[in-house]
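K.L.:
Have a look at this fold, sequence not included:
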């Protein structure tokens, strides 16, 4: 946790604060409402690529066999290589497809239909070769990327060790410079390495001795290591609960000679390289999880429509409909968050999106787990037997909150990254913010989401205003937290967890308003959602109409199901319900945090009328 703490605590006794915590949230909210589009030629190119990939997965991938034998057949791997899926994000000049992050996210929806294949591909390009791509020099790219793009060489990412999991800064693998200064000798062991037994090229992190201001220090460096260098042994593949076809094993290094030219970036700069690799790759988990859940919705809804109990199909029961609604909402939010973040990453000149990518990973991994659990409840005994594919979804999905950074660590990162800026800008900004903001206790809050120049569609104005009000409350809550805990906030994990959850929820708000101007009628053609009155946990029922087949909705199952229409309640567009869903989440969480603070300190959350967005408004 030491590197996380450094985000928050300065060398002084007080916090080093340049901006406000909720300013980050406000910027995120505004950015979430921007439109990130891909060009028409990109769409055409993507469609040409998607069709054969979908055919390959439906006709040539035997997921049951892969799971049973715990191995991806060579012919399947060769098919993936022929489709170019090992070089999706490698630029064309190095032999890859050169797809954008948005297009990569779309492909991830398809490859996620088999968890083992998805992990194998992601371990190769999302993290395995990513260091060369983002931090390697031109000579390294020219030498390694072409064969990695074709799949002739497979890549792996070697960071985790027996004594260091989430605490990546504590690794013990060491790289010692030779006497002639021409190569490093690497010694150590890495565990849980995806593609570990099949990788030809590995990004390996090891401690090196560097001199800083005349003082020798141990710092982490990143290396490109070829199996052909010798001295590398792979252990027996792990017998895993899920993603069984992916190769996971221990990799040991015994005096492996690595040329000094194979250092990625600077000597001693490996920790930053590792974090950049992991941060940039997490966003695709949103579209991957959504793709998996949409397939599960299709399979489960077919069963629900045909299974008869008490002279009715399961699809006619309200609680079963509610489960489909929950799965649909989660899939919608997952892909919305993923495509928003991918679009932000594709735009030049914007800040890094590591925070948003972490949010996508946390929400999608946990949302996916909820969905597979609900699907199995609908399926009953069929979902619990290995004779059917449903239980495999449960096993494959369970790894998601664990790898690429545990959700617990990522929540700490999300909360503390926002809080590192909180608390200092109150003085001197009151006048500026006062022009845009009224007292949060007695008046209204205006972030510019609504009104003549607002970025939210008028039909969502009421929900947007609720969001603005709760952003204000969140700002005062964050300030109260810092007043009470100061720099010891890094140790208050339960409080930080709640802060992170509030920050995660608004990330997909761009999509509800984005689809309105295009005239999309998802709810009328596919989904009807019923929600209860404000103040209660969102509960929805869903109607998957037979006419939904072929609509533009990204969450519509590929086969019509024929669930009956819902007569009671309010039918709400999918765009509206997703915004209301998030508004409620944001309104609930700050209240919880505020209660926690006010019960243990004499400083109420809203003591200062300007504590909400004076320290939170756009900088």
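P.N.:
Received, thanks. These numbers were taken from a predicted model, which means no experiment stands behind them. Numbering: from 1, shown residues only.

K.L.:
Show me the contact partners of whichever strand or helix holds residue 395.
P.N.:
Element membership for residue 395 (DSSP states H and E) is helix 390-397. Defining contact as C-beta atoms under 8 Å, 6 or more residues apart in numbering, one finds that helix 390-397 is touched by 63-64, 67, 115-116, 241-244, 289, 292, 296, 299-300, 368-369, 372-373, 375-376, 379, 382-385. C-betas here are computed from N, CA, C, even on glycine.

K.L.:
Out of those residues, list just those in strands.
P.N.:
Residues of the contacts of helix 390-397 located in strands (DSSP state E): none.

K.L.:
Filter those down to the buried ones, ChimeraX style.
P.N.:
Entered in ChimeraX, the line below selects the buried ones among those, by 16 or more other C-beta atoms under 10 Å:
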select :63,67,115,116,242,243,244,289,292,296,299,300,368,369,372,375,376,379,383
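
K.L.:
For residue 250, which three-state class applies?
P.N.:
Following DSSP: H, G, I helix; E, B strand; the rest coil, we place residue 250 in the strand state.

K.L.:
show me what contacts it?
P.N.:
189, 190, 191, 192, 193, 196, 234, 235.

K.L.:
Could you measure from the nearest residue to the fifth one once chain neighbours are set aside over to residue 219?
P.N.:
Same thing as residue 193. Once flanking residues are discounted, residue 193 sits nearest to residue 251: 4.9 Å by C-beta to C-beta, 6 or more residues apart in numbering. Relative to residue 219, residue 251 is positioned 22 Å away (C-beta to C-beta, to the nearest Å).

K.L.:
Neighbour count for the two, which is higher?
P.N.:
residue 251 (24 against 16; other C-beta atoms under 10 Å).

K.L.:
That one reaches residue 202, doesn't it?
P.N.:
Yes. If you go by C-beta atoms under 8 Å, residue 251 and residue 202 touch, sitting 7.2 Å apart.

K.L.:
which residues are in contact with both of these two?
P.N.:
Common neighbours of residue 251 and residue 202 (C-beta under 8 Å, 6+ apart) are 156, 158, 232.

K.L.:
Of those residues, which is the most crowded?
P.N.:
residue 158 (31 neighbours).

K.L.:
who touches that residue in this structure?
P.N.:
With C-beta under 8 Å, 6+ apart, residue 158 has these contacts: 190, 193, 196, 202, 203, 204, 205, 225, 251.

K.L.:
Identify the farthest-apart pair in these.
P.N.:
For the contacts of residue 158, the farthest-apart pair by C-beta to C-beta is 196 and 205; their separation is 14.3 Å.

K.L.:
Would you mind telling me which of those two has the busier surroundings?
P.N.:
residue 205 (29 against 24).

K.L.:
Tell me how far residue 98 lies from residue 49.
P.N.:
Residue 98 is 11 Å from residue 49, by C-beta to C-beta.

K.L.:
In terms of packing, which of these two has more residues around it?
P.N.:
Using other C-beta under 10 Å as the criterion, residue 98 and residue 49 rank with residue 49 on top: 20 against 16.

K.L.:
Quickly find the element holding that one.
P.N.:
Short version, using DSSP H and E: residue 49 is in helix 40-59.

K.L.:
related to what we said a few turns ago, tell me the spacing between the residue nearest to residue 193 and residue 331.
P.N.:
For residue 251, the distance to residue 331 - C-beta to C-beta - is 36 Å.

K.L.:
now do residue 44
P.N.:
25 Å.

K.L.:
Which one's more surrounded, the two?
P.N.:
residue 331 (26 against 10).

K.L.:
do you know how far the more buried one is from residue 295?
P.N.:
From residue 331 to residue 295 the distance is 10 Å (C-beta to C-beta).

K.L.:
Residue 265 too?
P.N.:
For residue 265 relative to residue 295 (C-beta to C-beta), the value is 39 Å.

K.L.:
ditto for residue 482
P.N.:
For residue 482, the distance to residue 295 - C-beta to C-beta - is 44 Å.

K.L.:
Quick one: low-confidence residue ranges for the stretch 401-550 of the chain.
P.N.:
For the stretch 401-550 of the chain, residues meeting the criterion pLDDT under 70 lie at 420-457, 506-550.

K.L.:
now do the chain
P.N.:
1-40, 350-351, 420-457, 506-619.

K.L.:
In it, spot the helix with the most residues.
P.N.:
helix 318-346 (DSSP state H).

K.L.:
which helices and strands does that one pack with?
P.N.:
helix 101-111, helix 284-306, helix 354-379, helix 510-515, strand 529-530, helix 574-598 (3 or more C-beta pairs under 8 Å, 6 or more residues apart in numbering; DSSP states H and E).

K.L.:
Kindly recompute the last result at 10 Å.
P.N.:
helix 21-32, helix 101-111, helix 284-306, helix 354-379, helix 510-515, strand 529-530, helix 574-598 (3 or more C-beta pairs under 10 Å, 6 or more residues apart in numbering; DSSP states H and E).

K.L.:
List the buried residues for the fourth one?
P.N.:
Neighbour counts using 16+ other C-beta under 10 Å place 354-369, 371-372, 374-376, 378-379 of helix 354-379 among the buried residues.

K.L.:
coming back round to it: and for residue 98 and residue 49, which residues touch both?
P.N.:
Common contact partners of residue 98 and residue 49 (C-beta atoms under 10 Å, 6 or more residues apart in numbering): residue 88.

K.L.:
Contact partners for residue 403?
P.N.:
119, 122, 123, 127, 160, 192, 194, 243, 248, 285, 361, 365.

K.L.:
burial count for the second one?
P.N.:
By the measure other C-beta under 10 Å, the count of residues near residue 122 is 24.

K.L.:
Next up, the contacts around it.
P.N.:
108, 111-112, 128, 157, 194-195, 246, 281, 284-285, 288, 403-404.

K.L.:
Stretch 253-265 spans what distance, first to last residue?
P.N.:
21 Å (C-alpha to C-alpha, to the nearest Å).

K.L.:
Within the helices and strands, which one has residue 401?
P.N.:
Judged by DSSP H and E, residue 401 forms part of no helix or strand.

K.L.:
What separation is there between residue 416 and residue 355?
P.N.:
Residue 416 is 10 Å from residue 355, by C-beta to C-beta.
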